[in-house]
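Asker: Take this sequence and fold it.
(2 chains)
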Amino acid sequence: AQSVSQHNHHVILSEAASLELGCNYSYGGTVNLFWYVQYPGQHLQLLLKYFSGDPLVKGIKGFEAEFIKSKFSFNLRKPSVQWSDTAEYFCAVRGGSQGNLIFGKGTKLSVKP
Amino acid sequence: DAGVTQSPTHLIKTRGQQVTLRCSPKSGHDTVSWYQQALGQGPQFIFQYYEEEERQRGNFPDRFSGHQFPNYSSELNVNALLLGDSALYLCASSYDRSNQPQHFGDGTRLSIL
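Answerer: Numbers count the residues shown, from 1 in each chain, chains lettered A, B, ... in the order given. Now for the predicted structure:
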């Protein structure tokens, strides 16, 4: 069965620190990979996605993620976080190009001003 | 351009009751998926509707049922409510083509007393 593992439950950083959130998935075939963000009181928003091609994908607000097929990983990065990045981040995988998403449990990011 | 809209925002029910949640997809989208997000967890896939039929289903009991209307809007029905059904119910819509991301609504917070 497909599964997604996010390594960190809660990450606390100071502004300007670099961020890397881990995500590993378990699925044997072609996958679509996503990072969603949920700001306090708001709905899930798509941060970035990987379907195929360049394994380094850039998303909104300076976020990027790298797909490493051999490691079944899709880690999220940002060189310098801001207080406004405080949110919960969810990694999700979809087997194939359509269908349902399998989410990780989420990582709560708190950025101290 | 209206995003995904869900109603109601909050709902309180008692055990054994039945509930109906509603979702209007984003303009241009024809596929609706429902997810359950328990506190501290990532969203879990319930089912997906396309062309007014259930196309995929996650590991949820038959108490959870749904419907899609000709205008692509959808309902989620839950019968014989249990305390464990307390959660945030998310609707996501997408366009039924390869490599299309899902867009989420704000969710309905269901509390079972």
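Asker: which residues touch residue A:80?
Answerer: A:15, A:16, A:17, A:18, A:62 (CB atoms under 8 Å, 6 or more residues apart in numbering or on different chains). All C-beta spots, glycine's among them, are computed from the backbone N, C-alpha and C.
Asker: mind checking the SS state of it?
Answerer: When classified by DSSP: H, G, I helix; E, B strand; the rest coil, residue A:80 comes out as coil.
Asker: Contacts for the host helix or strand of residue B:21, please.
Answerer: Following DSSP states H and E, one finds residue B:21 within strand B:19-24. Residues outside strand B:19-24 that contact it (CB under 8 Å, 6+ apart) are B:2, B:4-8, B:11, B:13, B:32, B:34, B:73-78, B:81, B:89, B:91, B:93, B:105, B:108, B:110.
Asker: residues contacting the residue nearest in space to the middle of chain A?
Answerer: What sits nearest the mean C-alpha location of chain A, by CA atoms, centre = their mean, is residue A:35, with 3.5 Å. By CB under 8 Å, 6+ apart, the contact list for residue A:35 reads A:23, A:46-49, A:59, A:63, A:65, A:74, A:76, A:89-92.
Asker: which residues does it form a beta bridge with?
Answerer: Counting by DSSP bridges, residue A:35 is bridged to residue A:48, residue A:91.
Asker: Report pLDDT for it.
Answerer: Here the pLDDT value assigned to residue A:35 is 97.
Asker: Which residue ranges of chain B form strands?
Answerer: Ranges of strands within chain B are B:5-7, B:10-13, B:19-24, B:31-37, B:44-50, B:53-57, B:64-68, B:74-78, B:87-94, B:103-104, B:108-112, based on DSSP state E.
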